[in-house]
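> here's a sequence, model it:
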Amino acid sequence: MEGYQVYTNIKGKEHRGMTQNDSGYSHIFIGEDFDYPEMDWTTWATSKQVDHHSRTFLDICRDVYLFQQVSEPTPVRHGQKENLLNFILTSDNQMVQGIEHLPGLGISDHLCLLMGIHVYTQTEMDKKPRLRYHKGRYKEMTIHLAAQNWEELDRMNVEESWSFL
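All right, here's what the predicted structure looks like:
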């Protein structure tokens with residue numbers, strides 16, 4: 001996806017790099033099974049200690065203004081508490097629309113997520129060469145042309161006129 005920074009398989013300290021979006025991309029889309037069952041995205045809180053990586057991850061998401069798009073549990077295990085483990089994080093809250101939770105593939109207990117993504121495109125600049133009229137030295141040209149003897153120019157042919165000016 002052109003214009004996007006896409007992160008996958010982010011674990012441990014690697015998610016620190018998410019704060020550095022110096023690659024020129026205008027939008028961030030992160031889709032991953034982060035396996036942070038202790039996170040509560042409705043309150044942006046975690047039950048873990050301050051130095052735990054899930055809290056650090058949550059702080060980074062907050063610091064770089066990422067939006068968590070998934071609101072329903074994604075793995076469904078019979079007899080276990082439902083958790084929201086699959087995250088879709090974006091830098092624009094309008095980027096993802098209409099997330100549907102579909103059955104998992106094969107024997108996986110993780111649901112499949114189907115969503116619409118608003119893709120931002122960059123229009124290419126016209127590559128034709130353009131004259132830079134704003135760089136012209138118009139005062140100097142005016143002085144030079146005012147100093148010419150235009151009557152003498154009338155008596156010259158084309159080649160002589162070019163060399164005269």
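> output the longest helix along the chain as PDB, nothing but the C-alphas.
Assignment by DSSP state H gives helix 53-63 as the longest helix of the chain. Extracted in PDB, the C-alpha atoms of helix 53-63 (Å, rounded to 0.1, in the frame of the first residue of the first chain):
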ATOM      1  CA  HIS A  53       5.600  -4.200  27.900                       C
ATOM      2  CA  SER A  54       1.800  -4.100  27.500                       C
ATOM      3  CA  ARG A  55       1.600  -0.800  29.400                       C
ATOM      4  CA  THR A  56       4.600   0.500  27.300                       C
ATOM      5  CA  PHE A  57       2.800  -0.500  24.100                       C
ATOM      6  CA  LEU A  58      -0.400   1.200  25.200                       C
ATOM      7  CA  ASP A  59       1.500   4.400  26.100                       C
ATOM      8  CA  ILE A  60       3.200   4.400  22.700                       C
ATOM      9  CA  CYS A  61      -0.200   4.000  20.900                       C
ATOM     10  CA  ARG A  62      -1.500   6.900  22.900                       C
ATOM     11  CA  ASP A  63       1.700   9.100  22.300                       C
END
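> by contact count, what packs against the very next helix or strand once past that helix?
Going down the chain from helix 53-63, the next helix or strand is strand 67-68, by DSSP states H and E. Contacts defined by 3 or more C-beta pairs under 8 Å, 6 or more residues apart in numbering; DSSP states H and E place strand 67-68 against strand 86-90. Where you see a C-beta, it was placed from the backbone N, CA and C, and this is true even at glycine.
> would you map the helices across the protein?
Counting by DSSP H, the helices of the chain are 53-63, 138-146, 150-154, 158-164.
> as CSV, those with mean neighbour count would be great.
What follows is the helices of the chain, written out as CSV (neighbours: other C-beta atoms under 10 Å):
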stretch, mean neighbour count
helix 53-63, 16
helix 138-146, 9
helix 150-154, 9
helix 158-164, 9
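> the ones you listed into JSON lines, with extra columns for distance to residue 108 and mean pLDDT?
Below are the helices of the chain laid out as JSON lines (distance: least, C-beta to C-beta, whole Å; pLDDT from 0 to 100):
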{"stretch": "helix 53-63", "distance to residue 108": "23", "mean pLDDT": "84"}
{"stretch": "helix 138-146", "distance to residue 108": "71", "mean pLDDT": "91"}
{"stretch": "helix 150-154", "distance to residue 108": "86", "mean pLDDT": "84"}
{"stretch": "helix 158-164", "distance to residue 108": "79", "mean pLDDT": "84"}
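> out of those helices, nearest to residue 121?
helix 53-63 (25.9 Å; C-beta to C-beta).
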